[in-house]
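Enquirer: what's the 3D shape of this:
(one chain, ligands or ions: 2)
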Amino acid sequence: MKDITKFTPMMQQYLKIKEDYADAIVFFRLGDFYEMFFDDAITASKVLEIALTKKEAGQTVPMCGIPYHAAKIYIQKLITKGFKIAIAEQTTPPGKGLVEREVVQLITPGMIIDDGILPSNEFNFIGSVVLSEYGYILSYADISTGDTFILDGLNKSSLIDEVKNLKLKEMILSNKSDTFLIDYLNNNQILMTIYTINEVKNHLIYKNLKTKEIKEAAAILVNYLNEESKLELNHLMPFNHVKVESFMRLDHQVLEHLELTESFTNQIKSTLLYWIDKTHTAMGSRLLRYQLTHPLKSVETLEKRYDFIEAFSLHEPRTKVEEILNDIYDINRLVGRISSNQTHARDLLQLKNTLGLIPKLKQALSMYQNKLVDSLNNEIHLHEELYELLDRSITDEPPLTIKEGGMIKDGYNKELDELRSIAKNGDLWLEKFENEEKERTGIKNLKVGYNRVFGYFIEISKGNIQFVDESFGYIRKQTLANSERYITETLKETESKLLHAKEKGDNLEYEIFQSLKEETKKHVHTLQFLSQTIAQIDLYISHAKVAEIYKYVRPKLNNTRFVDIESARHPVVEQHSEFISNHITMKPNQIFILTGPNMSGKSTYMRMFAMIVIMAQTGMFVPASRAVLPIYDAIFTRIGSSDDIAGGKSTFMVEMVEANEALTKATENSLILFDEIGRGTATYDGLALAQAMIEYVHTNIKAQMMFSTHYHELTKLQKQFELVTNLHVKAIEQKDHMVFLHQVELGASDKSYGIQVAALAHLPETIIKRAKTLLRKLEKESSQLDHNIFMFEEKIELDSIIPKDVQLILDQINHINIDHLTPVEALIQLKYIQNALKDLKKD
Ligand code: ADP
Ligand code: MG
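Expert: Ligands and ions are numbered 1, 2, ... in the order given. All right, here's what the predicted structure looks like:
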């Protein structure tokens, strides 16, 4: 504890503030700077790469500072590193003694309103988690846009997936004992606070929420935001209650593997979002990203989205609407800033300009002459009154400050006009006054002058003093050697007007601005509604455009679990190179075993299928010439290349964790995509595990599955199981190289082509030749060994497709409670399973 009395009064003031904001970096306003002291200064100077200096404040104190007008970039830097910032402003005007200071805003990664800090096409969510009888309840909000959501019925892993998929920036927990979550947040440097006040106050925001429990869960987030941010947050919209069951399960692995919104390697062009986002507004773009990470299960909703895409596809009105959308500002964030008083006149100007486009937008939309488009168009209101008010009042180039005038147009406010004309026309007025006085008094050499001590005065030379009459109302002010100086009531009044006109004008403008802001706030909710409607229009137009330029088709959804996709393409790969399209036809419960040489296109085929499913269930058209699809309740993948070695797990461990997720959570309505599973371990182990998994999915889960493999032996399963079908990717072997046709056909491939691929990679000739010789020898040997590989196959009993002892092992795998397993325990379990499998083979 610092002995506070040793410091200067100002530093004592600082230390008192810091006491309340120990976990934040305090920005302490000092004139034109925000200063930071002590440890804050040391940390901030490092992160911000600014000079660390010292201040004499009773004792020497480390200090660093930033100019207040450039604060944004520094705040952004600190926030992205996970710091909290408390902004302490001067709350009394500078004068005698110590200026009072107070924290007026707390900025944290999840509590940012300011424009220019946040990326426009992404939400910035803060979330809160409560555990209920029916699972976890996650509420989340973006205070910059006002969007609020609540999701209930989550289990541990779907909660973590949601936290990842939504990219939550900050979390409020009501319970210290959720260690799995706390560990995750800590490991990922996500700011976290324990907070429990769940009093339900403002009822409007909870109006969509049914139960007390859900309301209270939401209230924790709302109360925290209101209390901590210190901002007026009337723009938070009523909570949107979303049910876990309405979404297709998309765990974060899938989202990552498929590079839907983000790329492994930070190459934006490898993400699906990059190619399909043709939106023109920030709100449209945010909506698209949100929908893409939240595929749905409701056929009705999806069909409606498809209908809208078709409705918006007409070419001519579309380009017209697009042109208008281009000029529309981010209404949600404008409203957010206005509503929370973090705003300036430019926001009002941008709002006005946006509202000015609405009549044109409505006009263009009516050109569609389409019922669905009209239904959206009818929801768009002009906000004429607000537009006119802002149009009359706000200048065309207002400054970014609100205390220095220049915001309000001439002619809007009489008093302001007068003040301005006084300031501008002061000289003219004085000249006129002088002439009038000369005439009134008959004193020809009367002069009006000014000095700093006495202000304005009327000067009359010695010779003329005798003519000064009492009726003039002159009051003597100063006597000089050759003249007398006087003032009059009028002159005094004008003087104060003149001198204070500028200052008064600025203050008056500030007041007018405040009242315009308050007036605008009355429209917050209808403006947000307008924003949402525009977002939808923007989104559908983007989808329609994408469907046209990339030749996507409307999916036909069925509930019979049949897949029939003609000429399917991978939406991202086809943007980078010529793509060979493929068909996908799949019966319920069918399992494809996909073989083919390395680099032939197995992974691409599987990813393509997953992408098409997700696009269809997002409500988009899909890259194919025809697509009949079921509704999946989940996609599970184990698709290569995510060797999460940096994450501390070995490849094989990652494989097994991901496989386990699928094998325990999938239903018959799920889609499972396993790409080369079992590669991370010894051949026989891998092979055995792979076969056991296929059998389990076939017999117990009955889900559709694609399984790509380099284990040729697995293709034999086709003979045993009716619904297991072999596919292979075609490649032709030419004299000394391979030609990949990327065509997927029925049947197993005849062999693996590793050596040919090596030749493609220009490995030295001698190595290739030697390898070919060795291969021939190995092939000969293995054909003799062949029937030994799957000795346990022979043990299959007639009444069960899976041998009993294998089933026993599988049941054990099935009953492992992954959530309560440490990595070490998991490895031990695995070893145990492995041994059991080895024992089987020995038998
Ligand atoms: P595998 O998984 O069989 O090793 P990949 O799916 O990784 O092969 O594909 C190898 C390469 O071939 C990739 O660069 C991919 O872009 C390309 N490719 C795959 N399928 C196709 C296709 N149908 N048309 C064009 N190129 C393809
Ligand atoms: Mg592959």
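Enquirer: Contacts for the helix or strand in which residue 47 is found, please.
Expert: Using DSSP states H and E, residue 47 maps to helix 38-48. Residues outside helix 38-48 that contact it (C-beta atoms under 8 Å, 6 or more residues apart in numbering): 18, 25-26, 35-36, 50-52, 61-64, 66, 74, 77-78, 81, 83. In this view, the C-beta of every residue, glycine as well, is placed from N, C-alpha and C.
Enquirer: And for stretch 49-60?
Expert: 6-8, 10-11, 35, 37, 41-42, 44-45, 61-66, 74.
Enquirer: What's the PyMOL syntax to select whichever of the residues you listed are buried?
Expert: Selection of the buried residues among these in PyMOL, burial being defined by 16 or more other C-beta atoms under 10 Å:
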select buried, resi 7+10+11+35+37+41+44+45+61+62+63+64+65+66+74
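Enquirer: Select from the contacts of stretch 49-60 every entry located in helices.
Expert: Among those, the members found in helices (DSSP state H) are 10-11, 41-42, 44-45, 74.
Enquirer: Using TSV, lay out those residues together with distance to ligand 1.
Expert: Shown next, in TSV, are the ones in helices among the contacts of stretch 49-60 (distance: C-beta to the nearest ligand atom, whole Å):
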residue	distance to ligand 1
10	64
11	63
41	51
42	49
44	46
45	47
74	43
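Enquirer: Name the nearest of those residues relative to residue 321.
Expert: residue 74 (39.6 Å; C-beta to C-beta).
Enquirer: Tell me if residue 273 really is in a helix.
Expert: Yes - checked against DSSP: H, G, I helix; E, B strand; the rest coil, residue 273 lies within a helix.
Enquirer: In this structure it contacts residue 255, no?
Expert: No - using C-beta atoms under 8 Å, residue 273 is not in contact with residue 255; the gap is 10.8 Å.
Enquirer: which residues do the two both contact?
Expert: Residues touching both residue 273 and residue 255 (C-beta under 8 Å, 6+ apart) are residue 261.
Enquirer: Which secondary structure elements does the helix or strand containing residue 438 sit against?
Expert: For residue 438, the host element (DSSP H and E) is helix 414-441. Judged by 3 or more C-beta pairs under 8 Å, 6 or more residues apart in numbering; DSSP states H and E, helix 414-441 is in contact with strand 447-451, helix 489-521.
Enquirer: so how far is that helix off the chain centroid?
Expert: Helix 414-441 has its C-alpha centroid displaced from the chain centroid by 57 Å (C-alpha atoms, centre = their mean, to the nearest Å).
Enquirer: any idea how far the residue nearest to residue 602 when sequence neighbours are not counted is from residue 402?
Expert: Setting aside the residues directly before and after it, residue 602 is nearest to residue 708 in space (C-beta to C-beta, 6 or more residues apart in numbering), at 4.1 Å. When distance is defined by C-beta to C-beta, to the nearest Å, residue 708 is 62 Å away from residue 402.
Enquirer: Closest approach to ligand 1 from the stretch 201-350 of the chain, which residue is it?
Expert: With C-beta to the nearest ligand atom, the shortest gap between the stretch 201-350 of the chain and ligand 1 falls at residue 270, namely 10.7 Å.
Enquirer: In contact with that residue, which residues?
Expert: Counting by C-beta under 8 Å, 6+ apart, residue 270 touches 259, 263-264, 572.
Enquirer: ok, 7 Å please
Expert: If you count contacts by C-beta atoms under 7 Å, 6 or more residues apart in numbering, residue 270 has them with 259, 263, 572.
Enquirer: how about the first one, what does it touch?
Expert: Yep, that's residue 259 we're talking about. The contact partners of residue 259, by C-beta under 7 Å, 6+ apart, come to 270-272.
Enquirer: Torsion angles phi and psi at it?
Expert: Main-chain torsions, residue 259, degrees, to the nearest 10: phi 50, psi 50.
Enquirer: May I have the residues that are in contact with residue 181?
Expert: Counting by C-beta under 7 Å, 6+ apart, residue 181 makes contact with 129, 159, 173.
Enquirer: Of those, which is the most crowded?
Expert: Neighbour counts for the contacts of residue 181, by other C-beta atoms under 10 Å, peak at residue 129, which reaches 26 neighbours.
Enquirer: Bridged to residue 708, which residues?
Expert: Residue 708 has these beta-bridge partners by DSSP bridges: residue 594, residue 675.
Enquirer: Tell me how many other residues surround the closest residue to ligand 1 within the stretch 351-500 of the chain.
Expert: Proximity to ligand 1, evaluated over the stretch 351-500 of the chain using C-beta to the nearest ligand atom, is greatest for residue 372 at 35.5 Å. When counting by other C-beta under 10 Å, one arrives at 16 neighbours for residue 372.
Enquirer: sec struct for residue 542, please.
Expert: helix.
Enquirer: Could you pull out the buried residues of the helix or strand where residue 745 lies?
Expert: According to DSSP H and E, residue 745 maps onto strand 738-746. Using 16+ other C-beta under 10 Å as the test for burial, strand 738-746 gives 738, 740, 742-744.
Enquirer: same thing with stretch 96-105?
Expert: The neighbour-count check on stretch 96-105 (16+ other C-beta under 10 Å) flags 99, 101, 103, 105 as buried.
Enquirer: closest to ligand 1 among the residues you listed?
Expert: Using C-beta to the nearest ligand atom, those come closest to ligand 1 at residue 105, 49.1 Å.
Enquirer: Mind listing the residues bridging to the closest one?
Expert: According to DSSP bridges, beta-bridge pairing links residue 105 with residue 87.
Enquirer: Now for the residue of the stretch 401-550 of the chain found nearest ligand 1, how many residues are close by?
Expert: For the stretch 401-550 of the chain and ligand 1, the shortest gap (C-beta to the nearest ligand atom) falls at residue 550, measuring 15.2 Å. For residue 550, the tally of surrounding residues (other C-beta under 10 Å) stands at 16.
Enquirer: And for residue 447?
Expert: 15.
Enquirer: what about the nearest residue to residue 830 once chain neighbours are set aside, how many neighbours?
Expert: Distance criterion C-beta to C-beta, 6+ apart; nearest residue to residue 830, sequence neighbours excluded, is residue 656 at 6.5 Å. By other C-beta under 10 Å, the residues close to residue 656 number 26.
Enquirer: next one: the one 4 residues further on
Expert: If you count neighbours by other C-beta under 10 Å, residue 660 ends up with 18.
Enquirer: Next one: it from residue 256, what distance?
Expert: Going from residue 660 to residue 256 by C-beta to C-beta gives 17 Å.
Enquirer: Name the residue of this structure that lies nearest to ligand 1.
Expert: At 2.8 Å from ligand 1, residue 601 is the closest residue in the chain, using C-beta to the nearest ligand atom.
Enquirer: So that residue is in contact with residue 729, correct?
Expert: Yes - if you go by C-beta atoms under 7 Å, residue 601 and residue 729 touch, sitting 5.0 Å apart.
Enquirer: okay, and the common contacts of the two?
Expert: residue 742.
Enquirer: So which of the contacts of residue 181 are in helices?
Expert: residue 159.
Enquirer: ok, back up a step: the contacts of residue 270 into JSON lines, with extra columns for distance to residue 578 and pLDDT?
Expert: JSON lines is the format used below for these (distance: C-beta to C-beta, whole Å; pLDDT from 0 to 100):
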{"residue": "259", "distance to residue 578": "20", "pLDDT": "93"}
{"residue": "263", "distance to residue 578": "22", "pLDDT": "88"}
{"residue": "572", "distance to residue 578": "14", "pLDDT": "96"}
